[in-house]
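Engineer: okay, sequence plus prediction incoming.
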Amino acid sequence: MSTIVLPKEIKGASHDAHGHHELSFWRKYLFSLDHKVIAIQFLFLSSFFLLVGGLLALVVRLQLGWPDHTGWFYKSMASVFSMIFSQKMITGGIILPEFYNSAFTMHATFMIFFAVMPFLMGTFANFLIPLQIGAGDMAFPRLNMASFWLAFIAGLVMLSGFFVPGGAAGGGWTSYPTLSAIPELSGVTWGQNLWLFSLLLSGISSLLGAINYITTVVNMRAPGMSWMRLPLPIWSIFITAVLLLLAVPVLGAALILLMFDRTLGTSFFIPHGLLVAGSPLTGHTGGGQVLLWQHLFWFFGHPEVYIMILPAMGLTSEILSVFSRKPIFGYKAMVLSMSGIAFLGFMVWGHHMFQSGMNPLLGTTFMISTMLIAVPSAIKTFNWLGTLWGGNLKFTTAFFFAVGFVAMFAIGGLSGIFMASTPVDIFIHDTYFIVGHIHYVLFGGSLFAIFGAIYYWFPKMFGRMMSERWGKVHFWLAFLSFNGVFFPMHILGINGMMRRIYDYTGYAHLSHLQPMNAFMSVCAFILGLSVLIFLFNMIWSIFKGPIAPVNPWHATTLEWTIANPIPHGNFAEMPRVFRGPYEYSAPNTPGDADFYPQNVPPPGFGSAERTAH
Amino acid sequence: MNTSITRKLSYLLSLFLIVALVSCGKKKEDDDDAGDAKDGAATTVATVDMANGATISGMIKIDGAVPAGKPIAMDADPVCKAAHSAPVMADHWMVGSAGEVANTFVYIKDGLGGATYAAPASTFTINQQGCQYDPHIFGVMVGQKIEIKNSDQTMHNIHAHGEKNEQFNEGQPAGTPVKEKVLDKEEVMIPIKCDVHGWMNCYAGVLKHPFFAVSGKDGKFEIKGVPPGTYTVTAWHETLDGKGMSVDQKITVAAKDSKTVDFSLKGQ
Amino acid sequence: MNLSMKRGIQWLCAVALAVLPSAVAAQAVKAKYPDHHWYSWWMNILPDNASTYASKIDDMFDLILWITLIVFVLVEAALVYFLWKYRSKPGRKAIYYHGNNRLEIMWTAIPAMILVFLAIFSNSLWSEIRSPNRFPKDAPVIRISPRQFQWDITYPGPDGKFDTPDDINTINQLYLALNEPVQIKLLAQDVIHSFFVPEFRIKQDAVPGMQTAVWINPTKAGEYEIACAELCGLGHYRMKGYVHVIARDSLDRWKTAQAPAPVAEAAPTATTDSSKTSK
């Protein structure tokens, strides 16, 4: 242990004693070991893939809004997209079905693995852990750098799928075999291999990050920063890192097995006696199990959902407490419920498989655990409401997004109950109901929290403020258009509209849904515009935003005690922590302030210590 | 220490670049191959001498019972059903009253010494109409442009699974412009299927020379402009039991000859 | 421009942004579907129900809808009320309050009880539909073997056995007798498909290499559609079949008419064509 504790002393307090040596451009910005630079690298990486994923989402919405390929809106947007995408994807103004499949597959893949995850577990985990626990850097700065560059390479590999013959992976982000295992059945050849390889790299990157975060939080907390004084973002990231450590290896195993099936002719997921275009499949002996993939994938995949929502919950809790000028309601309940979610999260994977042919008795067990996992989410929602209650609410953009998170996450949580009920799931499984549900959790939830957190921590990241005015434009545009896109999805689902479907107008029970889909698609383009406004605001503010004060939000946590720009090694002097992170409006706060920073000694503390010595 | 890390990282990066470029590289190689082939053709390119060439013609007949026609279940897709007023029989066997067999692919399999002929500039069109391929059996030359057209108000996918030529599987929803394809390797025959309408299939024979024909409804075929020599002429027919069937015959022709080769295919 | 005017303009813009697309959409709908009322999307939006358990699933759906609707309204109303009530004003100071254990226990226990109740309630219906012991005994069996991108449907024929010459094969056409339970055995030929008939409220994946089964007892005569609910490739959206629920005697007539006709295309063994052996 002592060897691990050592770097803290060197990097933290005594760093300045060495004096600053100038780092080359490469070492400072590209191959930096500084957690703050790596956090910003992750921020740019995720923002880029957020744009890519968003663009693909618009392709999907364009097709769904006007499956007959008519109308001025369709035609004009299709001609714009024709300039971006090749003839093999959009030809003669028609989005081809195979490209449609690639588009929704890659949309989900980019958003999950290359936008939301690196935003949360790359950007904010890296930025906040050392700053909020009072450490000089991460425990393993080189692992940290490797984690980023692996994620970067993984992103490029994933992107390259669009440029190989056969196109990008098109079997859905879940890539169920046998569609994903036999190239002849999907028409996708290289694209699927690259998909598997890229996710493997990204998984290794996540694991490196997780090990680093866990070690850092366990070993490098400043004196006085007891577990129950940790800010909630750190708790949430810590719990998420444990989830990653347990879940990602399972995905890795599944990816490797599927890769073997595709390239070496093994049959882990390929049963005996398959027909391909009417003729018996050659090159595989068969004997594999199709459902094995689903068990492995969802054993990772469901914790993955919590990997993407837990950190968002932590960030939101922080923002809500700061701008309510109130302690978070039920700190212990928050920590316990997050741990409960993490624990139960490993027992619910089967609820993705109620209709898969799995034994119906298993359906019953998974239904009960799934119903139970809704409880911790409910606890958290009530605690957020409790935090707002009796507060002194400051309506900043970050607060808007945090409140938006609570409001939207509530919808996402409630709609999940429908799917948890096995008989109801028979009808709404694999319909747009689930698409609506997941977007309320991952967009209205995770992404809103990410937006809020970027507005909130931007001043500490870049030393400048983001535009509040454009921030509010962003919020209202995003909030309204988000609901315009995703709320009707529940209605489509109840109508029985299947997901991943290129053209629903051929079905008698769905053809009347075209106008609603067109409305949703228009909203989706407005939503895209709002994200562009956000990115412009961010980039503009990096260079031109007003200079930020040290503690613009009057927050109590340690990062707000450091002057901008934060030096390499963070804290000039090892901070000492005297109280919990949410001491807002405490009656014993000295002076007029309504916040009591964690590192400010209580009155008389210094003199008492001095007399003791 | 630091430099070694950077070095390791650059190794990693270059490794990735190699992986990423493998596909591009592969493609390039293919292009090069095609280029080489063309260059080779430019030196030994043969032209068809219509005036002095021989004509091989003949008749395909069935030997044995005529297999019973089977109706296609067009009701699987209302669009297909609406396109036909009468039940449609599967077009595997089109046999006339005297046993003459249509849709047989006849070509010179051997004897040209590997001579390569220039592909015609004209485009070959495959039409998907009434949920059937028109034509059902056809020959094209290596490098000839093929145009695939969807005239139906429903989606078809074109799933070609040749063994030498690159396989492809592409959707063509109603209203999509024609797709252009080039088959760049000699192969007899490439099966092409539509997976949406399981009965829809056709076969492409891809050859380096123009000496092939498909028998008509009268069972007759004719190959013109054949240079003098001794050849193996082959008739290929798909049969009902799911096995492609071919029959070879040897023939020697002189300039301006006109010879007849008849084939008889085994029925049921 | 003073502050209140600015505020007013901001609000106007926001309202316009919300209202304009809705108005445009409403116009478009009106033009396209003159008989369609806007509220028909929000009421009775579940498709017609046409099997014995369909209405039970709908009732379950409605129960959950009511519970979640009440929670939803309460939570969002509390949220909006708090936002308005506790907005920052000069001189206001937030109360200093860390939480209340009694409340925590309450809002843990109550949702837990409701959810466990829902689980138990759901499970009785689930086992009624899915439990292998509760499949209708002696119900005739139909075999559906989906493949890219069609439903190959096989009836055992008069001898009651599959894979005999008297099997009746169809593509995409499923004929069922009204008010008679039937078992459907599903076995995919190539990739995972999912047998989905919205009106019957039935959905079951058809998996390659593993047989799955459902049962249906249709309660309304008519024509319905089979949709594939699991992504199965580029023709997934086109993988549509038809269900005809007809009276027993019409079904028998249809079967007799079909019996001798060898629709070879539909049988999986006969679908192999001359693809591989051309030499």
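Structural biologist: Happy to help now that I have it.
Engineer: for the rest of this, base every contact and every neighbour count on C-alpha atoms.
Structural biologist: Fine.
Engineer: quick check: closest non-adjacent residue to residue B:167.
Structural biologist: Counting by CA to CA, 6 or more residues apart in numbering or on different chains, residue B:161 is the residue found nearest to residue B:167 once chain neighbours are left out, at 4.9 Å.
Engineer: might one say that that neighbour is in contact with residue B:168?
Structural biologist: Yes. The pair residue B:161 / residue B:168 is scored as a contact, 6.9 Å apart, by CA atoms under 8 Å.
Engineer: near chain A, which residues of the stretch 101-250 of chain B?
Structural biologist: Taking CA under 8 Å from any CA of the partner chain, the part of the stretch 101-250 of chain B that reaches chain A is made up of B:168, B:169, B:170, B:171, B:172, B:173, B:176, B:177, B:193, B:195.
Engineer: pretty sure the last one contacts residue A:277?
Structural biologist: Pointing back at residue B:195 there. Yes. The pair residue B:195 / residue A:277 is scored as a contact, 6.7 Å apart, by CA under 8 Å.
Engineer: between these two, which contacts overlap?
Structural biologist: By CA atoms under 8 Å, 6 or more residues apart in numbering or on different chains, residue B:195 and residue A:277 have these common neighbours: residue C:148.
Engineer: related to what we said a few turns ago, closest one to chain A out of the residues of the stretch 101-250 of chain B next to chain A, please.
Structural biologist: Nearest to chain A among those: residue B:169, at 5.1 Å, using CA to the nearest CA.
Engineer: quick one: secondary structure of the closest one?
Structural biologist: Put simply, residue B:169 is strand when judged by DSSP: H, G, I helix; E, B strand; the rest coil.
Engineer: where do the helices of chain B begin and end?
Structural biologist: B:2-44, B:78-82 (DSSP state H).
Engineer: quick one: the last one to chain centroid distance?
Structural biologist: Right, the one you point to is helix B:78-82. 27 Å (CA atoms, centre = their mean, to the nearest Å).
Engineer: what's next to it, contact-wise?
Structural biologist: Helix B:78-82 is contacted by residues B:74, B:75, B:130, B:131, B:152, B:153, B:154 when judged by CA under 8 Å, 6+ apart.
Engineer: one more pass at 10 Å, please.
Structural biologist: B:72-75, B:87-88, B:129-132, B:152-155, B:197 (CA atoms under 10 Å, 6 or more residues apart in numbering or on different chains).
Engineer: among those residues, which ones are buried?
Structural biologist: By neighbour count, with 16 or more other CA atoms under 10 Å in any protein chain shown, the contacts of helix B:78-82 hold B:72-75, B:88, B:129-132, B:152, B:154-155, B:197 as buried.
Engineer: so which of the residues you listed sit within strands?
Structural biologist: Judged by DSSP state E, the buried ones among the contacts of helix B:78-82 include B:129, B:132 as members of strands.
Engineer: make TSV out of the residues of the stretch 101-250 of chain B next to chain A and add neighbour count.
Structural biologist: Supplementary listing: these in TSV, determined by neighbours: other CA atoms under 10 Å in any protein chain shown:
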residue	neighbour count
B:168	20
B:169	23
B:170	22
B:171	23
B:172	25
B:173	22
B:176	19
B:177	16
B:193	24
B:195	27
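Engineer: keep these, but drop any that are not near chain C.
Structural biologist: Filtering those for neighbours of chain C using CA under 10 Å from any CA of the partner chain leaves B:169, B:170, B:171, B:172, B:173, B:193, B:195.
Engineer: can you check the pLDDT for the third one?
Structural biologist: Predicted confidence (pLDDT) for residue B:171: 87.
Engineer: excluding its backbone neighbours, what's nearest it?
Structural biologist: residue B:157 (4.1 Å).
Engineer: what sits against the most centrally placed residue in chain C?
Structural biologist: With distances taken as CA atoms, centre = their mean, residue C:198 lies nearest the centre of chain C, 5.4 Å away. Listed by CA under 10 Å, 6+ apart, the contact set of residue C:198 reads A:426-428, A:494-498, A:509, C:46-50, C:54, C:224-227.
Engineer: what ranges do the helices span in chain C?
Structural biologist: All helices of chain C, identified by DSSP H, fall at C:3-32, C:54-85, C:101-130, C:248-258.
Engineer: give me the low-pLDDT residue ranges for chain C?
Structural biologist: Within chain C, the ranges that satisfy pLDDT under 70 run C:1-3, C:14, C:17-19, C:21-44, C:259-279.
Engineer: over to chain B?
Structural biologist: B:1-44, B:67-69, B:91-93, B:240-244, B:267-268.
Engineer: quick one: residues contacting the residue nearest to the spatial centre of it.
Structural biologist: Most central in chain B under CA atoms, centre = their mean is residue B:204, positioned 1.4 Å from the mean C-alpha point. By CA under 10 Å, 6+ apart, the contact list for residue B:204 reads B:105, B:135-141, B:160, B:162, B:183, B:187-192.
Engineer: 6 Å instead?
Structural biologist: For residue B:204, the contact set (CA atoms under 6 Å, 6 or more residues apart in numbering or on different chains) comprises B:138, B:139, B:189, B:190.
Engineer: by neighbour count, which of the residues you listed wins?
Structural biologist: Using other CA atoms under 10 Å in any protein chain shown as the neighbour criterion, residue B:189 leads these with 29 neighbours.
Engineer: burial of the residue of the stretch 501-613 of chain A found nearest chain C, as a residue count?
Structural biologist: Taking CA to the nearest CA as the measure, the stretch 501-613 of chain A has residue A:501 as its residue closest to chain C, at 5.1 Å. By the measure other CA under 10 Å, the count of residues near residue A:501 is 25.
Engineer: residue C:5 now?
Structural biologist: Residues lying near residue C:5 (other CA under 10 Å) number 10.
Engineer: neighbours of residue A:572, just the number please.
Structural biologist: Each residue near residue A:572 was counted by other CA under 10 Å, and the total is 18.
Engineer: got the phi and psi for it?
Structural biologist: phi -60, psi -30 (degrees, to the nearest 10).
Engineer: any stretches of chain A with poor pLDDT?
Structural biologist: Counting by pLDDT under 70, the ranges of chain A that qualify are A:1-22, A:606-613.
Engineer: near chain C, which residues of it show up?
Structural biologist: Within chain A, the positions near chain C by CA under 6 Å from any CA of the partner chain are A:97-98, A:178-179, A:186, A:271, A:274-275, A:278-279, A:327, A:329-330, A:355-357, A:368, A:371, A:375, A:389-394, A:414, A:421, A:423-424, A:426-427, A:494-495, A:498, A:501-502, A:515, A:519, A:585-586.
Engineer: inside strands: which ones of those?
Structural biologist: Judged by DSSP E, the subset of these located in strands is A:275, A:279.
Engineer: and the furthest pair within the ones next to chain C among the residues of the stretch 101-250 of chain B next to chain A?
Structural biologist: The largest separation in these, counting by CA to CA, is between B:173 and B:193 at 15.2 Å.
Engineer: closest to residue C:178 out of the contacts of residue B:204?
Structural biologist: Out of the contacts of residue B:204, the member with the shortest distance to residue C:178 (by CA to CA) is residue B:190, at 46.2 Å.
Engineer: identify the residues contacting the closest residue to residue C:136 other than its chain neighbours.
Structural biologist: Closest residue in space to residue C:136, ignoring its immediate chain neighbours: residue C:181 at 6.7 Å, by CA to CA, 6+ apart. Contact analysis of residue C:181 by CA under 6 Å, 6+ apart lists C:139, C:216, C:217.
Engineer: same check, this time on residue A:477
Structural biologist: Here residue A:477 is in contact with residue A:530 (CA under 6 Å, 6+ apart).
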